[in-house]
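S.K.: Have a look at this fold, sequence not included:
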């Protein structure tokens, strides 16, 4: 297997990530405009509709992108193993499906992606856990979006409980939703950079020294 097998998966991931990024920012901007107009009692139903539509399309792109991202991660890790690189701590399956394992998905994917970035760049085994700016930024935005999203979900669920009154102001919940959209867009942006970095590292390695053949 050659590193060229990442070209199409990387392209698909990038397209979906740009969609998540674009629609997330559109939704955040529209929600911000609507919230300001709401506070001034001049809210627009059109702006709110734009925010809702952008959010829905962005969520659809995000859900669809999960499969593409997992395929890319699996193939990128498999390339390292098939190249005979020693000292790898994560199998392709574990690096991919750790996203779906509760608790583990809070740190294992970050560690696996960091190793993938470093070893794809030709770093030795002892530097597999070295910091990578793109990985750190991507994971920071991703965890941030999860935390904020859980706060929003908690508020909404509590509101459904009879005789329980939520103390969170309406505007605060809307701000959290806006922040969640921005963080998700940020995660998509840094994922694009990360996918490009790792894919290019493996393709350069294949063309230069045949490492990934």
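M.R.: Right, received. Where do you want to start? Computed from a predicted structure; not experimentally measured.

S.K.: use CA for all of it now, contacts and neighbours both
M.R.: OK.

S.K.: The residue nearest the centre of the chain: helix or strand, and which one exactly?
M.R.: For the chain, the residue nearest the mean C-alpha position is residue 187 (4.4 Å; C-alpha atoms, centre = their mean). Assigning secondary structure by DSSP states H and E places residue 187 in helix 170-208.

S.K.: Poorly predicted segments of this structure, please.
M.R.: 1-2, 159, 163-168, 206-213 (pLDDT under 70).

S.K.: And the strands in it?
M.R.: Counting by DSSP state E, the chain has no strands at all.

S.K.: Ignoring the adjacent residues along the chain, who's closest to residue 77?
M.R.: The shortest distance from residue 77 to any non-neighbouring residue, by C-alpha to C-alpha, 6 or more residues apart in numbering, is to residue 92 (5.0 Å).

S.K.: correct me, but the residue nearest to the centre of the chain touches residue 136?
M.R.: No. At 10.2 Å, residue 187 does not count as touching residue 136 under the criterion of C-alpha atoms under 8 Å.

S.K.: so what does the helix holding residue 187 touch, helix or strand wise?
M.R.: helix 7-39, helix 108-120, helix 133-159 (3 or more C-alpha pairs under 8 Å, 6 or more residues apart in numbering; DSSP states H and E).

S.K.: Buried residues, the last one. List them.
M.R.: Okay, so that is helix 133-159. 134-146, 148-149, 151-152 (16 or more other C-alpha atoms under 10 Å).

S.K.: Can you tell me how far residue 185 is from residue 53?
M.R.: 16 Å (C-alpha to C-alpha, to the nearest Å).

S.K.: Those two: who's more crowded?
M.R.: The residue with more neighbours, out of residue 185 and residue 53, is residue 185; 27 against 15, by other C-alpha atoms under 10 Å.
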